[in-house]
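[1] Got a predicted structure plus its sequence, pasted below:
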Amino acid sequence: MKLLITRPIDDLVLAQAEERFETTYRAGEVPMSAAEVTAALGEYDAILPTLGDAFTAAAIEAAGKPRCKVIGNFGVGYNHIDVAAAAKAGIAVSNTPDVLTDATADIAWTLILSTCRRAGEGERQLRAGEWKGFDPKGMLGTHVTGKTLGVIGMGRIGQAIAKRGHFGFDMPVVYFNRSAKELPFDARRIEDMHELLGVADIVVVAVPGGAETVRLIDRAAIAAMRKDTIFVNISRGEVVEEEALIDALEANAIGGAGLDVYEKEPYVPARLTALENCVLLPHLGSATVETRRAMAQMALDNIIAFAEGRAMPQRVN
Ligand code: GLV
């Protein structure tokens, strides 16, 4: 079987792929264009792609009856793959849930703490040689312990974020989710998202990407936040109306924002990078050595399962 791996992955996993498949390793870090996807679907039996690779409905349909029968996506989010179009073309798709839950919850907390405590701003000041010394009134931030945490999307990652808030920071937790969840800690479900946005001191978005959540946090939702709300997004950029968020940050209409994802990644608007009241990370949610290795292994294991005629453990379509 011919396997295409579309971006650099862990060497140990790559070695396993090379043992089992005629493996092509696509060089570079730029995502695949739709035309490249169509060509690859005709040329390879299996593809191990990742975020941004344009497996759109049009790209898949253009491949007709493709040679490719399996896509083992590297990433839990697969909003870059039209899984219905893939199913129609006879292509099985899998993702990498669970293995990145803790790393992504940790990055949410990195953003919560660094936004509340103005860590980005402070570090920039120090590196610029502008720090004048300890100042009883200097760079005061938002106290985190005991504040109300609002989680939008109480899936695996939302729960891991909430758990840290509850057990580590003594936070009352409120959440917005399609269904009520049985949770091993106290958390109150609020059915009206705008109400939650007014109640929580710190709001974290952890919903999956895709058509159902595009601009869930729109201008009206941002307006429902308070002047002191700290807003964090670790899900997908398109879940938030970025321009409305920037308007709110520029006007100091909310307290601050911590972002790991952007509407048009890797493009980040200059209006955003010009602001001091936000902390901006380059989509680091799952970026630990251990997690990225586990993700690569899971993606490959799903492809191997398919190749051996077994059910793919993490199949999504
Ligand atoms: C990262 O954002 C992922 O979806 O795995």
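    Looks like it came in fine. Numbering: from 1, shown residues only.

[2] Briefly note if the helix or strand harbouring residue 110 comes near the ligand.
    Using DSSP states H and E, residue 110 sits in helix 101-116. No. Figure legend: helix 101-116 not in contact with the ligand (Cβ under 6 Å from any ligand atom); closest approach 7.2 Å. Where you see a C-beta, it was placed from the backbone N, CA and C, and this is true even at glycine.

[3] got a list of contacts for that helix?
    Applying Cβ atoms under 8 Å, 6 or more residues apart in numbering, the contact partners of helix 101-116 are 119-120, 141-144, 156-157, 160-161, 163-164, 202, 204, 206, 230, 232, 234, 256-260, 278-279, 281, 284-288, 290-291.

[4] OK, contacts around residue 173?
    Counted by Cβ under 8 Å, 6+ apart, residue 173 has contacts 148-151, 162, 165-166, 185-188.

[5] can you rerun that using 6 Å?
    Residues near residue 173 by Cβ atoms under 6 Å, 6 or more residues apart in numbering: 149, 162, 165-166, 187.

[6] Looking at those residues, which is nearest residue 15?
    residue 162 (38.0 Å; Cβ to Cβ).

[7] tell me the contacts of the closest one?
    Going by Cβ under 6 Å, 6+ apart, residue 162 touches 151, 173, 187.

[8] re the thing from before, pull the distance from the helix holding residue 110 to the chain's centre.
    Relative to the chain's own centre, helix 101-116 is displaced by 12 Å; criterion: Cα atoms, centre = their mean, to the nearest Å.

[9] same deal with stretch 271-290?
    Centre-to-centre, stretch 271-290 and its host chain are 11 Å apart (Cα atoms, centre = their mean).

[10] Quick check: residues of the stretch 201-317 of the chain near the ligand?
    285-286.

[11] residue ranges of the helices in the stretch 201-317 of the chain, please?
    Here the stretch 201-317 of the chain has its helices, by DSSP state H, counting those that start in this stretch, at 219-223, 242-250, 270-273, 289-307.

[12] Turn the ones you listed into a markdown table, including mean neighbour count and mean pLDDT.
    As requested, the helices of the stretch 201-317 of the chain are exported to a markdown table (neighbours: other Cβ atoms under 10 Å; pLDDT from 0 to 100):
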| stretch | mean neighbour count | mean pLDDT |
| --- | --- | --- |
| helix 219-223 | 17 | 98 |
| helix 242-250 | 19 | 98 |
| helix 270-273 | 12 | 98 |
| helix 289-307 | 20 | 98 |
